[in-house]
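Enquirer: Test case, fold it:
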Amino acid sequence: IFVPVVLALAAGTLGFWLGAGASPAFAFAAAVAVLIIACPCALGLATPTAVMVGTGRAAELGILIGNSAALETAHRLTAVVLDKTGTITHGRPALAGVTALDGHADALLARVAAAEIGSEHPVGEALVTAARDRGLPVATASGFEAVAGHGIRATVAGTDVLVGNAALMGAHGVDFAPLEAEAAERAARAETPMYVATDRQLAGLVSVADTVKAESAEAVTSLRALGLEVWMLTGDNAATADAIAAEVGIDHVVAEVLPAEKAEQVARLQQHGHVVAMVGDGINDAPALATADLGVAIGTGTDVAIAASDITLVGGDLRGIVAAIALSRRTVTTIKQGLGWAFGYNVLLIPVAAGALYGFDRLLLDPVLASAAMAMSSVSVVSNALRLRRFRSPQSASEILSPPVRQRVAGWAYLAAVATVALMLGSVFTWASRTEPAQHGMNGILAWTEGMGMPMRPAMSVMETTEAPPVDPQEAGLSVSLAPAAPIRPGVPATLTLRIRDAKGEPVKDIVRTHQVWAHLIVIRSDLTTFAHVHPEPTGRPGTLRVRLTLPTTGRYTAHTEFRRQGQMTDVLATSTLTVAGSGFDRQAPVPAHEIRTATVHGVSVHLAGTAVVGADSDLRFRFTDAVTGHPVTGLKPYLGAAGHVAIVRSDGSGFAHRHAETQDSKGRPVFAVPGSTFGPDLDLHARFDRPGTYRMWAQFRLRDDTVITASFAIQTAYHH
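Expert: Next up is the predicted model:
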């Protein structure tokens, strides 16, 4: 929705200003400013940045979050399902008691240990460990079978041994009534009783106990305080499960659940509208972890459980769930703040960029300031997200539900401070852009003109300049060659190939456009009577450009090639010599001994005014008039990203400068050559000459009808007094 709306607003801005009679350049700049200020960078950064910082902070707290969706889901939870063994309890049960009907408890324990030695369940491991600790011989069992949710069956020394719950005994026709009361008594003490039968005859009862983690009750209390339903699922018998649940404060208990049924219980809660988190540590918990909206594995559990989960609690502390929920809520709040800030930023500034305040002292948000404002919104969103790094695990549920006043005030104060700074910077830069002197000023189109290759660094070589001159190829570590495909003949088009290589002889691949072209080739005859300005184009081969050029007369020509490499702020200027052989070879024309200040081309008279001085800035001006009527000529268009291109050489052919004509608006600010701009009847030229004498000058401009004219001048320089 957002992007199409912004595109429509930009198009509407362009159409409105054109319909209101504004210049195309003005309307275009306003439309571009709308597009830039509305760039949804901050909107796109709000969520991933907050999630990234939140995930990183969670890892520092021992909470490993597998994906961003998990962090965002945690704040929506309505129910938490806890496995008992290894989650609420330590998962390391120990033998609590042995009852043998024949009175031989050690013999019964040894037989049970032999049967359990093939089991990977913590209960089986506890029985084997107890037998070995007592020094009992543990035989090798055969035919081991684990009956999920019920117990085990094995053959020990030819005797069929069953160890498990009442369901297992009943399935094999074993009468367990003699020990049923004792089993219930042990279950009430939070022990897990298991009947033992040999050859389908009741032999005794063993029980194990798994201690509850000290922090489990605190975690359950906090979860309930947050308004969450807390459930416990266990394959243990109901009496044991109820005893554990009562100890930690859980009201909802489902006992004697088979592993496959745990996932069904989770799905049942989801069907009732709950957003469910499942917490477990064992292989049998993996299906439920995968089914839940949020799977949380205990880091001390099995690899399968960890792989099936979204979040892993490295230390196994259940309070990590509370911290994860608190961090999720804080992260989502930060996301909403970022989205609200970014969207509000765009909503407020899009009208300004479109020109809503233009009636107030012609205030318009220039594209370069729009880009700065857009960047500022991204900075605010990212820096606000970074504040999540200060998150600390809450000490209680009340700290999550009602954050300290200082914390809430600090959050909004930060956003208000960022907004204030943004407004101050915007005001300062807007003021600066409207008050800087013309020759050193900047306005909102500055960023555009740099990309267009505007005359921020004019090309000068031997003659001095007030700005950075271009570098020669050797200084830039390059070799540049310009060669014709065949001998050049006068008046016949010739193909010239420009090759640019680095210090290793490898083709240069990073040539970029400068003033809308890949390279400028200015060719001047040695007697300064012939001038040509052409633009080589890439051939498709790295470091190779080509151009067609017709030289009208025989003689020697100096070719000045100017280009720029990517990332460089100055041009490279290479000089080559071209020879056109034939009759009348190199016949020199005399250099004018007097100044030529007016040139008439294509019905337009161009007059050059101003004094050319040595050793100081020379302020020259071109004046355009109709050659017949003498009326001022306006409507000149940009030519190759500038108001005009000017080449200057000394009368002896040495030295070369490539400058650009320019002009200012009524407030003395530069007017840049963006599409739609027009110039005239005056254009300025600023140059500095290094020695007295005669200089030749060729100035090129584009007229209203797109005709490009070249006006030739000769000027005398003298020392400044």
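Enquirer: hey, let's count contacts and neighbours off CA atoms from now on
Expert: Noted.
Enquirer: Does residue 54 touch residue 331 like I think?
Expert: Yes. With contacts counted by Cα atoms under 8 Å, residue 54 reaches residue 331, the gap being 6.2 Å.
Enquirer: Settle it for me: which of these two has more neighbours?
Expert: residue 54 (29 against 26; other Cα atoms under 10 Å).
Enquirer: quick one: that one and residue 384, what's the gap?
Expert: According to Cα to Cα, to the nearest Å, residue 54 and residue 384 sit 12 Å apart.
Enquirer: Overlap in contacts, residue 54 and residue 331.
Expert: By Cα atoms under 8 Å, 6 or more residues apart in numbering, residue 54 and residue 331 have these common neighbours: residue 388.
Enquirer: pLDDT weak spots in the stretch 351-500 of the chain?
Expert: For the stretch 351-500 of the chain, applying pLDDT under 70 flags the ranges 359-362, 364, 366, 396-398, 402-404, 407-408, 411, 429-468.
Enquirer: quick one: the strands in it?
Expert: 459-460, 478-484, 494-502 (DSSP state E, counting those that start in this stretch).
Enquirer: can you list these in a markdown table and add mean neighbour count?
Expert: A markdown table is the format used below for the strands of the stretch 351-500 of the chain (neighbours: other Cα atoms under 10 Å):
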| stretch | mean neighbour count |
| --- | --- |
| strand 459-460 | 24 |
| strand 478-484 | 18 |
| strand 494-502 | 19 |
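Enquirer: Residue 690: which of those strands is closest?
Expert: strand 459-460 (11.3 Å; Cα to Cα).
Enquirer: Mind pulling the model confidence for residue 302?
Expert: pLDDT for residue 302: 68.
Enquirer: Please renumber the chain so that the first residue is 14 from this point on.
Expert: Sure thing, new numbering starts at 14, so read that last one as residue 315.
Enquirer: Residue 348 and residue 59 touch, don't they?
Expert: Yes. Contact criterion Cα under 8 Å: residue 348 and residue 59 qualify, at 5.5 Å.
Enquirer: Touching both of the two, which residues are there?
Expert: Contacts common to residue 348 and residue 59, judged by Cα under 8 Å, 6+ apart, are residue 398.
Enquirer: how about the strands in the stretch 214-363 of the chain?
Expert: 214-222, 242-246, 265-267, 289-293, 307-311, 324-326.
Enquirer: Would you mind giving those as a markdown table with distance to residue 283, mean neighbour count and mean pLDDT added?
Expert: Output for the strands of the stretch 214-363 of the chain, formatted as a markdown table (distance: least, Cα to Cα, whole Å; neighbours: other Cα atoms under 10 Å; pLDDT from 0 to 100):
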| stretch | distance to residue 283 | mean neighbour count | mean pLDDT |
| --- | --- | --- | --- |
| strand 214-222 | 32 | 22 | 91 |
| strand 242-246 | 12 | 22 | 92 |
| strand 265-267 | 15 | 16 | 90 |
| strand 289-293 | 7 | 29 | 90 |
| strand 307-311 | 12 | 28 | 88 |
| strand 324-326 | 19 | 27 | 87 |
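Enquirer: nearest to residue 26, of those strands?
Expert: Short answer: strand 307-311, nearest of the strands of the stretch 214-363 of the chain by Cα to Cα, at 47.5 Å.
Enquirer: List the strands paired with that closest one, with their directions.
Expert: Using DSSP bridges, the strands paired with strand 307-311 in its sheet are strand 289-293 (parallel), strand 324-326 (parallel).
Enquirer: Now tabulate the ones you listed in TSV and tack on distance to residue 549.
Expert: Formatted as TSV, the strands paired with strand 307-311 follow (distance: least, Cα to Cα, whole Å):
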stretch	distance to residue 549
strand 289-293	67
strand 324-326	60
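Enquirer: Select, out of these, the one closest to residue 188.
Expert: Of all the strands paired with strand 307-311, strand 289-293 comes closest under Cα to Cα, at 34.0 Å.
Enquirer: Pull the residues that contact the closest one.
Expert: Here strand 289-293 has contacts from 90-97, 99-100, 279, 282-283, 299, 301-302, 305-311, 314, 318, using Cα under 8 Å, 6+ apart.
Enquirer: which non-adjacent residue is nearest residue 595?
Expert: Distances taken as Cα to Cα, 6 or more residues apart in numbering place residue 567 nearest to residue 595, at 5.9 Å, with adjacent residues excluded.
Enquirer: Burial check on the one you found, number of neighbours?
Expert: By other Cα under 10 Å, neighbour count at residue 567 equals 20.
Enquirer: surely it meets residue 592?
Expert: Yes. The pair residue 567 / residue 592 is scored as a contact, 7.5 Å apart, by Cα under 8 Å.
Enquirer: on that earlier part again, possible to save the strands of the stretch 214-363 of the chain as JSON lines with distance to residue 376?
Expert: Listed next are the strands of the stretch 214-363 of the chain as JSON lines, based on distance: least, Cα to Cα, whole Å:
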{"stretch": "strand 214-222", "distance to residue 376": "79"}
{"stretch": "strand 242-246", "distance to residue 376": "58"}
{"stretch": "strand 265-267", "distance to residue 376": "66"}
{"stretch": "strand 289-293", "distance to residue 376": "55"}
{"stretch": "strand 307-311", "distance to residue 376": "53"}
{"stretch": "strand 324-326", "distance to residue 376": "53"}
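Enquirer: Out of the ones you listed, flag the one nearest residue 582.
Expert: Taking the strands of the stretch 214-363 of the chain one by one with Cα to Cα, strand 324-326 is closest: 50.4 Å.
Enquirer: List the contacts of the closest residue to residue 585 other than its chain neighbours.
Expert: Leaving aside its chain neighbours, residue 585 sits nearest to residue 484 (5.0 Å; criterion: Cα to Cα, 6+ apart). Residues near residue 484 by Cα under 8 Å, 6+ apart: 474, 583, 584, 585, 586.
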